[in-house]
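**Q** Kindly generate the corresponding structure for this input.
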Amino acid sequence: MKKQFQKTACKLNWRSILSFISILIVLMIPTGLNAQSDSAQKEVATAAEEAELISPSLDFISTQKSDNSIDLTAKLGGKVKGSFYKFPLLKISFVQVTDNDEKELGAVITDRAGKAVFNCKESDLLAYKDGKLHFKALFAGNKSMDPAEAELMIKRARLILDPVKEDSLYSVKLKLVDVGSGEEVAVPETELGLFVKRSFKPLKIGEGTTDENGEAAIEVSNKLPGNAKGNLTLIARLAENETYGNIESTATVNWGIPVSDLLQAAPRALWTSHPPIWMMVTFVVLMTVVWGHYFVIIFELFRLRKEEPHTKPGVTST
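**A** Coordinates of the predicted model:
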């Protein structure tokens, strides 16, 4: 009896020890899992917050105008979920950098295309000692976007456009001079383009390269359509130059063919909303033939259905 009692007591002790150990393990496991889950959730939340921030791109260009002012143009955009978007209604600040300090020129809100244009007057320009101009475009960022910055440096130059009319021949004389040093210095071997203003985008009508005197001549066609009075707006342009950036000069001449701007009914033609009568007749005939076949087929199906023999109930065919 004693041996059996000792065996039973030993079994009970081992069982109690095992149950105690299992309880400890059960109590410890949830604590570890909760700690791991909490840290994992924090890491995921931090990563999500960092992933939500958009890194925008800021394109910055300058255009020197014929009135000696400069247009500073900044375009703000970026990729969101693999697609590129233009960001409207955001503030872009423009700053000019001088030898000793930075001068804030102003700020512009981007339009629907993500573009902001600031016109800087000649009286507001401050150049380096070597005659160069240094500008910055700044976007401060917000809760969902990182800040962005772009800068450019250009030299002052002037593009002179001189229309020339000889009998029935039209041409334009262009001259490009560097005025960064305060004196006019010819800029040779530079390609210039000539455009005519149109409703959506300027139309290129010629190009030329400056000679050693910085001059170039470009012929203009006498068959270009103008406005109701025959006026054309010519635009001479130096595009994306590493030293001077973009330069434009404009002039209005009466060299075009007058085109009425009155609203008139368009004639019947393939490219208008009123097609020719023969096309309408052809279309109606073809559609009538095609749909007529469908109606004939449906009529024959109903006729065959009516002519199908019916057997009386209780009568079997032999």
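
**Q** Could you tell me how many residues sit around the residue lying closest to E122 once chain neighbours are set aside?
**A** Distance criterion CB to CB, 6 or more residues apart in numbering; nearest residue to E122, sequence neighbours excluded, is N68 at 4.2 Å. (Each C-beta comes from the backbone N, C-alpha and C, glycine too.) The tally of other residues near N68 (other CB atoms under 10 Å) stands at 13.

**Q** how close does N68 get to D178?
**A** When CB to CB, to the nearest Å is applied, the distance between N68 and D178 equals 14 Å.

**Q** Check A113 too.
**A** For A113, the distance to D178 equals 33 Å [CB to CB].

**Q** More neighbours: which of these two?
**A** Applying other CB under 10 Å to A113 and D178 shows that D178 carries more neighbours, namely 18 against 12.

**Q** residue boundaries of the helices in the protein?
**A** Counting by DSSP state H, the chain has these helices, from start to end: 2-52, 277-307.

**Q** how is this protein carved up into domains?
**A** Per the record, the chain has its domains at 57-155, 157-253, by automatic domain parsing.

**Q** Redo the ones you listed as JSON lines? Include mean pLDDT and distance to T272.
**A** Shown next, in JSON lines, are the domains of the chain (pLDDT from 0 to 100; distance: least, CB to CB, whole Å):
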{"stretch": "domain 57-155", "mean pLDDT": "90", "distance to T272": "30"}
{"stretch": "domain 157-253", "mean pLDDT": "91", "distance to T272": "19"}
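
**Q** coming back round to it: mind telling me which of the helices of the chain the model trusts least?
**A** Confidence, taken as mean pLDDT, is least for helix 2-52 of the helices of the chain (a mean of 52).

**Q** any common contacting residues for N68 and D178?
**A** When contacts are counted by CB atoms under 8 Å, 6 or more residues apart in numbering, N68 and D178 are jointly contacted by no residue.

**Q** Quickly note the distance from E166 to N222.
**A** When distance is defined by CB to CB, E166 is 12 Å away from N222.
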